[in-house]
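In: coords below, sequence missing:
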């Protein structure tokens, strides 16, 4: 009987010590550096949600690369701060962190495919200190939404310039062929800004939809007006790359939810803080998709979209 009491006492003591260690660990302040590529709303929204989602008590050092040519001062701040993990929002943020912070785990967010951008390799080395969530919408989901909005879609058009975008168009075309889709893809390489309208004219042979891609050479402030005017005048539905294009007159867009990007980044940081190596964490894709629709363009193109779809979309 005495032995039984002794063993129970030992177990209780062990559990008490374990609980105290657990509480102490939970109360320990974790130092986290946040690096934003620019001081813009999408990155600010994602960063705010990241902080809100974090459960551990944390001390943050928030930095911004926006218009900073000399970033040596930022690096010195990070070294002095001595963070447990670095979180980046945007492409220039992760590029800078990759080049300057090789000994600290890095979680990136709000970037396009990091493999095509050559930020990480397709088969990550076990020593890699990076993991993250990306903005890319899987092609499978893109095609599904195109068919929901435009069920009679047959010919999909794309304009591109960069090698990265060309790789994307190939993957898109391969997916259509692999799945036996009734749709097919026609592309045009844009060699100069002045050739955009001519390329659109070449594509415009019973074009069901023009799908915008993340290619800053083709889609930028100088070219968007030309593209929008052409598609509207020729009654071609235009799927923009972001809600901003929908505001300007594109028919619709599907995009990653910025809040979701921040939330997922927090989940990945929590994994790292629990001992998971970044190299062992698979890349994450958007959990939440935002559908944006321009009501005036719907009327102008005389397109019928179900009330159910409109109900769940952001309307402009």
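Out: Here it is on my side, so go on. Just so we're clear, the structure is a prediction, and the values are computed from it rather than from any experiment.
In: Just the buried positions in stretch 205-215, please.
Out: 207-215 (16 or more other C-beta atoms under 10 Å). In short, each C-beta sits where N, CA and C put it, glycine included.
In: what about stretch 236-254, how long is it end to end?
Out: 17 Å (C-alpha to C-alpha, to the nearest Å).
In: Show me what that stretch is in contact with.
Out: Contacts of stretch 236-254 with the rest of the structure, by C-beta atoms under 8 Å, 6 or more residues apart in numbering, involve 137, 141-142, 145-146, 149-150, 157, 204, 207-214, 219, 224, 227-228, 230-232, 255, 289-294, 296-298, 301, 303, 313-314, 316.
In: Which of the residues you listed are buried, as a PyMOL select command?
Out: Restricted to buried positions by 16+ other C-beta under 10 Å, the PyMOL selection for the contacts of stretch 236-254 reads:
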select buried, resi 137+142+145+146+149+150+157+204+207+208+209+210+211+212+213+214+219+224+227+228+230+231+232+255+289+290+291+292+293+294+297+298+301+313+316
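In: and the contacts of stretch 236-254, which of them are in strands?
Out: 157, 209-211, 255, 289-293, 314 (DSSP state E).
In: how about those, which pair is most distant?
Out: Farthest-apart pair in the ones in strands among the contacts of stretch 236-254 is 157 and 314; separation 24.5 Å (C-beta to C-beta).
In: so where do the helices sit in the stretch 201-316 of the chain?
Out: Using DSSP state H, counting those that start in this stretch, the helices assigned to the stretch 201-316 of the chain run over residues 224-233, 243-248, 258-273, 295-300, 307-311.
In: Of those, flag the one that's most buried.
Out: The highest mean neighbour count among the helices of the stretch 201-316 of the chain, using mean count of other C-beta atoms under 10 Å, belongs to helix 258-273: a mean of 22.
In: now it against strand 289-293, angle please.
Out: Using axes from the mean of the first three to the mean of the last three C-alpha atoms, to 10 degrees, the inter-axis angle of helix 258-273 relative to strand 289-293 is 170 degrees.
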